[in-house]
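Undergrad: I'd like to go over a predicted model; first the sequence, then the structure.
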Amino acid sequence: MFDGAIDMDSRVDAWKKKLLDLGKRNRLLNYRDTKRGSIRIVDPDPLTLWQTFVEDEHPIVFSYINEDALPDDGGEDNPRREVVNGNVETNKTLAEQQKTLRSLRNKARSFINEQGVNALYLAFGFLNWTESTSSRQSVQSPLILVPVSLQWESITSPFVLQLHDDEIVVNPTLAYKMENDFGLAIPPFDPGNSPASYFEELNARVASQGWNVEQGVCLTLLSFLKINMYNDLENHRETIAKHPVVRALAGDTSGLTVDVSALDGFDHDANTTPANSYLIV
């Protein structure tokens, strides 16, 4: 029989923590560019790109090589290669950019089809930090994560990047890591504001640690597959704390209307017919 108080806030925080991967292999903490897993946008600058892409919702169109089978000036039946400029420049050649975008699109679609989550983000800003004051090895973590979708109609069309329906978030794994290990609160970010003031505020907070915020934009896949569960726990904390079944799972069975002790050793095979067994698909 339960006779004590349950601190549901602590329980919810513990459940949230278990959803976060705090290891160095997590690119949300230890981010590195890869050949086919990321693209840096070098022009326009991050603040201009935020204005046009996030606030004005103008899609990003990548440059590409249009290879139409047209005769050249000599009249021979040879393909003519035409470079069609987009509205951004990246850190890759056109050929490498096309291969990387194709890879990102395919992997992003696999995440959605197989796991039901979007893993493609446009990361704005990076925190350069170290694990201790004596460490000389800097770690880079993305800050503002903008969910995006990458469209490509055909080989004669450009790759087009658009905003995804998911919410813009500050890297939740980094925020927890900073709070838990360093007592440093990563400030929340209002997507309706420009990230310029946000970067300045965060820079001021981390300056005493010898860290700094680097402005930059990168398109990449980030494996925070449980972000929806993490957000649900945070956004519905009060509802969770009041639900009798959830409280029972946390150890407080006082709100239940059934005797849970009767469920111990219950023979489901003998007492439940297959027609009444409702399995999750």
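TA: Structure's in. What do you need? Since this is a predicted model, take the numbers as computed values, not measurements.
Undergrad: Could I get the pLDDT score of the residue nearest to His58 when sequence neighbours are not counted?
TA: Closest residue in space to His58, ignoring its immediate chain neighbours: Thr52 at 4.9 Å, by C-beta to C-beta, 6 or more residues apart in numbering. Yep, even glycine has a C-beta here, placed from its N, CA and C like the rest. pLDDT recorded at Thr52 is 96.
Undergrad: same question, the one 3 residues further on
TA: The score at Glu55 is 94. That number is its pLDDT.
Undergrad: Could you do Leu145 as well?
TA: According to the prediction, Leu145 has pLDDT 96.
Undergrad: again, but for Glu67
TA: Looking at Glu67, its pLDDT reads 66.
Undergrad: cool, and Leu174?
TA: For Leu174, pLDDT reads 92.
Undergrad: Mind giving me the packing neighbours of the host helix or strand of it?
TA: Using DSSP states H and E, Leu174 sits in helix 172-182. Identification of packing neighbours for helix 172-182 by 3 or more C-beta pairs under 8 Å, 6 or more residues apart in numbering; DSSP states H and E yields strand 139-151.
Undergrad: Isn't Arg247 up against Thr239?
TA: No. Counting by C-beta atoms under 8 Å, Thr239 is not a contact partner of Arg247; they are 11.5 Å apart.
Undergrad: Have a look at those two and say which one is more surrounded.
TA: Arg247 (20 against 10; other C-beta atoms under 10 Å).
Undergrad: From Tyr64, how far out is the more buried one?
TA: For Arg247, the distance to Tyr64 equals 55 Å [C-beta to C-beta, to the nearest Å].
Undergrad: cool, Ala108 as well?
TA: Ala108 sits at a distance of 18 Å from Tyr64 (criterion: C-beta to C-beta).
Undergrad: Of those two, which one has the most company?
TA: Each of Ala108 and Tyr64 has its neighbours counted (other C-beta under 10 Å); Tyr64 has more, 22 against 19.
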